[in-house]
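> Mind looking at a prediction? Sequence and model below.
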Amino acid sequence: MTEGTADILATARRLADDVLFPDAIRVDSLDAIPVAQLDALAAEGLYGASGPPQAGGLGLDLVTMSAVTEELASGCLATAFVWVQHHGLAMALAAETTPAALRDQWLEPACQGKVRGGVALAGLIPGPPLLRARPVGEGWRLDGAAPWATGWGLIDLLLVAARGPQDSLVWLILDAADQPGLTVTRQRLAAVNASVTVRLDFDGVVVPAGRLASQEAFDPAGSLRPDRLRVNGSRCARLLGPGPLDDELAACRTHLDDAITAGTAAMAEARAAASALAVRATAVLAVRDGSRSIMAGQHPPRLAREALFLLVFGSRPPIKSALLRQLGATPG
């Protein structure tokens with residue numbers, strides 16, 4: 001770990017401990033995250049965590065980015081959940097395949113947190129397309145649905161993945177705002193509801209041709225790439241204090257990092273183990289704290305709901321299978 005990396009992680013931990021965690025229970029009851037929390041991350045440069053230094057970003061690698069995400073999620077998972085979606089947009093803007101006009105317009109503001117992004121990745125899901133894009137006039141027409149898009153009302157731009165002509169994957173940058181043909185439906189979540197996650201239905205939404213970030217061959221295994229499945233985090237072990245779960249947490253972190261290059265099966269096992277540990281950690285915390293763990297406005301029930309959320313958020317069939325096996329629901 002370099003000195004610069006250590007400083008970035010220390011900043012993330014300070015924000016988690018001093019800004020996010022003290023307000024986590026209140027945020028858990030809100031309809032939307034206070035913008036001030038996201039502003040605090042932007043003020044410390046964390047909106048540029050994955051952006052290139054030449055555009056004002058921090059240029060963090062995936063392992064360090066994951067560590068920063070873990071720190072922020074330990075403070076407030078809802079805030080971290082909104083923030084981490086931004087980096088899908090930031091990395092798309094920084095990609096060499098993205099037109100220079102889009103990079104020049106938005107990459108630096110995205111690294112500064114002046115422009116904030118989200119993602120709608122329905123096009124990555126294997127099987128019959130949920131969302132289609134086809135050329136029309138001077139742009140692209142979107143039809144279908146994106147069941148999950150996070151941060152609505154808190155973001156400016158949405159990176160949309162849709163299935164295009166000739167079995168392609170089309171990446172478009174859409175204004176995250178009401179527009180003709182777009183229906184926005186709030187998804188009410190049992191945990192991290194303040195993330196303002198919505199369903200988007202597209203009925204002839206037209207995106208200008210200049211908003212095309214890239215077009216590539218659709219790969220059904222693209223959603224299983226280990227680098228897309230790495231990010232994960234939990235607060236439970238820290239609330240418990242030093243104990244035997246510390247070694248398991250460290251082992252989970254190591255397995256997740258190693259799985260980045262070890263392949264899909266290894267990442268599925270590592271993600272499943274991390275999610276299972278979060279569930280056990282919340283159970284231990286609830287038992288330790290006793291009857292107050294079932295009272296509203298306490299951390300144990302909030303964290304238990306967040307652990308439930310992490311069982312399914314960002315999951316894929318191999319992760320689900322591994323998790324069911326680790327939980328004893330299917331033969332080993």
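Yes, it's here.
> close enough to count as contact, residue 293 and residue 301?
Yes: using C-beta atoms under 8 Å, residue 293 is in contact with residue 301, at 6.5 Å. To be clear about C-beta, it is placed using only N, CA and C from the backbone, and glycine gets the same treatment.
> what touches both of those two?
residue 286 (C-beta atoms under 8 Å, 6 or more residues apart in numbering).
> Ranking helices and strands of the chain by mean pLDDT, which lands last?
helix 236-240 (a mean of 57; mean pLDDT, DSSP states H and E).
> What is the next helix-or-strand element following it packed up against?
Per DSSP states H and E, the first helix or strand lying C-terminal to helix 236-240 is helix 245-262. When contacts are defined as 3 or more C-beta pairs under 8 Å, 6 or more residues apart in numbering; DSSP states H and E, helix 245-262 packs onto helix 62-75, helix 226-229, helix 236-240, helix 264-289.
> mind listing what's buried in the first one?
Burial within helix 62-75, assessed by neighbour count using 16 or more other C-beta atoms under 10 Å, is assigned to 64-75.
> Going by distance to residue 135, which of those wins?
residue 65 (34.4 Å; C-beta to C-beta).
> do you know how far that closest one is from residue 12?
Distance of residue 65 to residue 12, computed by C-beta to C-beta, to the nearest Å: 10 Å.
> Please apply the same query to residue 326.
29 Å.
> Give me the more crowded residue out of those two.
Remark: of residue 326 and residue 12, residue 12 carries more neighbours, 25 against 16, as counted by other C-beta atoms under 10 Å.
> isn't residue 151 right up against residue 119?
No: using C-beta under 8 Å, residue 151 is not in contact with residue 119, being 9.2 Å away.
> Can you pull the residues that touch both of those two?
residue 85.
> tell me the contacts of the residue of the chain most remote from its centre?
Relative to the mean C-alpha coordinate of the chain, counting by C-alpha atoms, centre = their mean, the farthest residue is residue 137 (33.6 Å). Residues near residue 137 by C-beta under 8 Å, 6+ apart: residue 206.
> separation between it and residue 177?
In terms of C-beta to C-beta, residue 137 sits 21 Å off from residue 177.
> ditto for residue 95
Taking C-beta to C-beta, one finds residue 95 at 24 Å from residue 177.
> next one: residue 169
For residue 169, the distance to residue 177 - C-beta to C-beta - is 24 Å.
> got it, and residue 118?
Residue 118 is 12 Å from residue 177, by C-beta to C-beta.
> same deal with residue 218?
The gap separating residue 218 from residue 177 is 28 Å, by C-beta to C-beta.
> cool, residue 107 as well?
When residue 107 is compared with residue 177 (using C-beta to C-beta), they lie 21 Å apart.
> higher neighbour count, these two?
A side-by-side neighbour count of residue 107 and residue 177, using other C-beta under 10 Å, places residue 107 first with 26 against 13.
> just checking, what packs against the helix or strand that contains the more buried one?
Using DSSP H and E, residue 107 maps to helix 100-112. Packing partners of helix 100-112 (3+ C-beta pairs under 8 Å, 6+ apart): helix 77-94.
> Sketch out the low-pLDDT regions of the stretch 201-332 of the chain for me.
Within the stretch 201-332 of the chain, the ranges that satisfy pLDDT under 70 run 221-241, 332.
> next one: the stretch 1-150 of the chain
1-3.
> so how far is residue 115 from residue 107?
9 Å.
> do the same with residue 272
Residue 272 is 35 Å from residue 115, by C-beta to C-beta.
> got it, and residue 273?
36 Å.
> same thing with residue 52?
16 Å.
> and if you look at residue 69?
From residue 69 over to residue 115 (counting by C-beta to C-beta), the distance is 20 Å.
> what's the answer for residue 132, then?
Taking C-beta to C-beta, one finds residue 132 at 27 Å from residue 115.
> Please apply the same query to residue 310.
Separation of residue 310 from residue 115 (C-beta to C-beta): 28 Å.
> neighbour count winner among these two?
residue 310 (25 against 20).
> wait, that one sits on residue 276?
No: the pair residue 310 and residue 276 fails to qualify as a contact (C-beta under 8 Å) at a distance of 9.8 Å.
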